[in-house]
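Participant: predicted coordinates and the sequence they were generated for:
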Amino acid sequence: MGVRTSVVICLVVAACKTAPAPAPAPAPAPGPKPPPVTAGSATTPAPEPPAPAPAPVPGLPVTKMTLAEVGLEATSLDRSVDPCVDFYQFACGGWLATNQIPADRARWGRFSEIDEKIDNALKALLDDDTKTAATPDAKKLGDYYAACMDEAALEKLGTTGIKPLLDKVSKVKDAKSWMTAVTELHKVGIAAVWTVGADVDQKDSTVYVTQLDTGGLGLPDRDYYLDDKFKDKVDAYKQHVQRMLTLANVAKPDAAAADVVAIETELAKLTKTRVERRDPQALYNAMDPNALGKSAKSVDWKAYFKALAVTPSAKIIVSTPKFFAAVDGMRKQIPPAKWTSYFTYHVLRSTAFSLPKAFDDEAFELQKVLTGVTEKEPRFKRCVAATSEGLGELLGHQYVDKSFPPAARQAASTIVDAIVTSLDDDLAHLDWMTDATKQVARDKLAKLVRMVGYPDKWRVYDFPVKREDFAGNQLRAAAFEVKRVLTRSGKPVDRAEWLMNTFTVNAYYNPPTNNTAILAGILQVPFFGQDRSIAANMGGIGMVVGHELTHGFDDEGSQYDAKGNLVNWWKPEDQEKFVAKGQCVAKMYDSFEVLPKQFVNGKLTLGENIADLGGVKVAFRAYRALRKNADKQFVADGFTEDQQFFLAVGQAWCSKDRKEEAQRRLTVDPHAPPKFRVYGALRNLPEFAQAFQCAPGTPMRPTETCSVW
């Protein structure tokens, strides 16, 4: 399906449905430099740290332990570094020195380690399903996975499985046949020219509405086509398209590849930037079918939706009206043969993994250019991922039954409740917000729906899976998902729907439904463990939960009310202060240099940075509250409990990126690199400076700081 025009805000971009999935992984970025002092009305002079924190109860007995006993890692530390100068290196230096990025990854970090663990667990489940399927669901999973793993069958079948699609897109000769090609690709989730979906109406969050968005690009972002710094990537892409078309026996592949890139460049010119897409009001352009028809006259919208076998909502949300207004001109100006080349490539691009090895190898050649990886992931991992995409909730149900006990869900729920209480207290005592706005904000938090671990009701997949037909399975799975989403247009919103697979190492907040999900996949070390200390858990998963809750009040989430409607609930004077505080954060992150002369984009990453700053703050206060009545205090390898909390924050984000992946993420990822997420959040928190006794003016205790929540 295409990109949603609603905002689903994820902890990491990898599995977030609103962003392209990142390719595998880059080399460590240079250590953080003390950024320049941030100026402006929203800059907060760094307060004096509170007096050295006493034990939770003065005179509380001390129990000495090791870091391992509280759930942290002594081997990940680099004690040669001053934590007040470079806390990320202090917390992660040992890990960085002993961990290399695998050849098949573009990024390697703590999330990747959990991914590996989960992949192996899912493989074990699927291996069992392929041999002794005890239920129809298990058989469906086993057949899907086995079909993916049968490389000999893929070689034998060649492009037979996608031939019907290739035949349909090869017959473009006029507006009608052009529309047929677009429609047939959209039926199976191939986002040619534009994308179509149905999601929560952001101004009436009780109902789903049909949505149209820009699409049709083969490179990660519109900037790749329009910014000269990516010229080498575009040249490599054109060569890749040529080789892919050659494999499919397309005539004159050189010229055809040039046509594909030319069409995509025109689409890119009409596509909003990532920063522009952070404005949900600008993405909300309501049209009725008649107005849509007048905008893009060469598209028979009635026939289009009929061919998709869906009835669109009476109101259709269009993200970028100028894009659709330009479709007529593009369709007419570009000859049919060029469109055929474009459609053909996108069929091949989308299905390469289910084709003979030569196609899959060529798809990997592009991945190498864009991310810096040098080896493919093992096929079993990619087949686990394919099965997860096609039958995610079936597999999630098996995973939870095997690997996520009810006690873990309950323990995590307790942490979520503690963070909610902490954030409510924070909202109640803000010194810059009027009481009227505070009350609305607190009401929104009170109505937030908390989803922990896994759904209570699992999805049913009613499409056939054939053990000898992997390409067909993937197309049928995609068609099922397209129809499942589109047919809900005009229907009541299911606020209990989970937007990610339960075994995904992630968490999210969804503003239009005002709910948050903390997935079972992330509820494990180094984020969470039932036998870890409160300080370690609150620094790990507590920060994650605080981050997601704060998304309800970041630059995007703050535009939605308690019901999930896109309305302004702010008093003007409060909103003015909030915007100024956000500008302080954006300017600070703009100063973080990731690669030589390549900096974090403070505007693109603003929402995530606000969430990180707020998430750490409310998690720390929740940890303190949970330890308030403790009868003893724990000192682990010389580290106080406050210090353990911050070590847990740092050690959860140890990570390395390849250069190519770092550059890609600076362009497309709304998150700052992990190093700067830790650095940026903690240097603005007085309690951190107090815990490590940082002197004024050191990088982790700058002269001026930024604070929002």
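Facilitator: Arrived safely.

Participant: going by C-alpha atoms from here, please, whenever you check contacts or count neighbours.
Facilitator: Fine.

Participant: which stretches of the stretch 101-250 of the chain have low pLDDT?
Facilitator: When residues are selected by pLDDT under 70, none of them lie in the stretch 101-250 of the chain.

Participant: how about the strands in it?
Facilitator: Taking DSSP state E, counting those that start in this stretch to define them, one finds strands in the stretch 101-250 of the chain at 108-109, 194-201, 204-214.

Participant: packing partners for the longest one?
Facilitator: Using 3 or more CA pairs under 8 Å, 6 or more residues apart in numbering; DSSP states H and E as the contact test, the elements touching strand 204-214 are strand 194-201, strand 316-318.

Participant: show me where the stretch 601-709 of the chain has its helices.
Facilitator: In the stretch 601-709 of the chain, the helices defined using DSSP state H, counting those that start in this stretch lie at 606-626, 641-651, 659-668, 674-682, 686-691.

Participant: and the second one, average pLDDT?
Facilitator: Yep, that's helix 641-651 we're talking about. pLDDT averaged over helix 641-651 equals 97, rounded to a whole number.

Participant: quick one on the thing from earlier: out of the helices and strands packed on strand 204-214, nearest to residue 672?
Facilitator: For those, the distance to residue 672 is smallest for strand 194-201, at 27.2 Å, taking CA to CA.

Participant: isn't residue 702 up against residue 695?
Facilitator: No. Under the contact definition of CA atoms under 8 Å, residue 702 does not touch residue 695, with a separation of 9.0 Å.

Participant: these two: which is more packed in?
Facilitator: The residue with the greater number of neighbours, taking residue 702 and residue 695 and applying other CA atoms under 10 Å, is residue 702; the counts read 22 against 15.

Participant: next, give phi and psi for the residue lying closest to the more buried one once chain neighbours are set aside.
Facilitator: Of all residues not flanking residue 702 in the chain, residue 696 sits nearest, at 6.4 Å (CA to CA, 6 or more residues apart in numbering). Summarising the backbone geometry of residue 696 under the convention degrees, to the nearest 10, its torsions are phi -60, psi 140.

Participant: can you find the helix or strand in this protein with the smallest mean pLDDT?
Facilitator: Of all the helices and strands that make up the chain, strand 44-45 has the lowest average by mean pLDDT, DSSP states H and E, namely a mean of 54.

Participant: what sits up against the helix or strand following that strand?
Facilitator: Moving toward the C-terminus from strand 44-45, the first helix or strand encountered (DSSP states H and E) is strand 62-65. Judged by CA atoms under 8 Å, 6 or more residues apart in numbering, the contacts made with strand 62-65 from elsewhere in the structure are 632, 633, 634, 635, 636, 637, 638.

Participant: closest to residue 82 out of those?
Facilitator: Using CA to CA as the measure, the one of the contacts of strand 62-65 that approaches residue 82 most closely is residue 638, at 15.3 Å.

Participant: re earlier: the helices and strands packed on strand 204-214: which one's closest to residue 425?
Facilitator: Taking CA to CA as the criterion, strand 194-201 is the member of the helices and strands packed on strand 204-214 that comes nearest to residue 425, at 30.1 Å.

Participant: where in the stretch 251-400 of the chain is pLDDT low?
Facilitator: Per-residue confidence of the stretch 251-400 of the chain (counting by pLDDT under 70) places no residue in a weak region.

Participant: run a quick neighbour tally on residue 223.
Facilitator: Residues near residue 223, counting by other CA under 10 Å, number 20.

Participant: want to throw the helices of the stretch 601-709 of the chain into TSV with distance to residue 353 and mean neighbour count?
Facilitator: Conversion of these to TSV gives the following (distance: least, CA to CA, whole Å; neighbours: other CA atoms under 10 Å):
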stretch	distance to residue 353	mean neighbour count
helix 606-626	33	25
helix 641-651	35	26
helix 659-668	21	21
helix 674-682	30	23
helix 686-691	47	22
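
Participant: just confirm residue 79 is within a strand.
Facilitator: No. The assignment for residue 79 by DSSP: H, G, I helix; E, B strand; the rest coil gives coil, which leaves it out of any strand.

Participant: what's the spacing between residue 271 and residue 217?
Facilitator: Counting by CA to CA, to the nearest Å, the separation of residue 271 from residue 217 is 10 Å.

Participant: how about residue 507?
Facilitator: From residue 507 over to residue 217 the distance is 27 Å, taken as CA to CA.

Participant: these two: which is more packed in?
Facilitator: Between residue 507 and residue 217, counting by other CA under 10 Å, residue 507 is the more crowded of the two (30 against 24).

Participant: would you confirm that the more buried one contacts residue 527?
Facilitator: No. Under the criterion of CA under 8 Å, residue 507 is not in contact with residue 527, lying 11.8 Å apart.

Participant: residues touching residue 384, list them.
Facilitator: Counting by CA under 8 Å, 6+ apart, the residues that residue 384 touches are 119, 122, 123, 126, 145.
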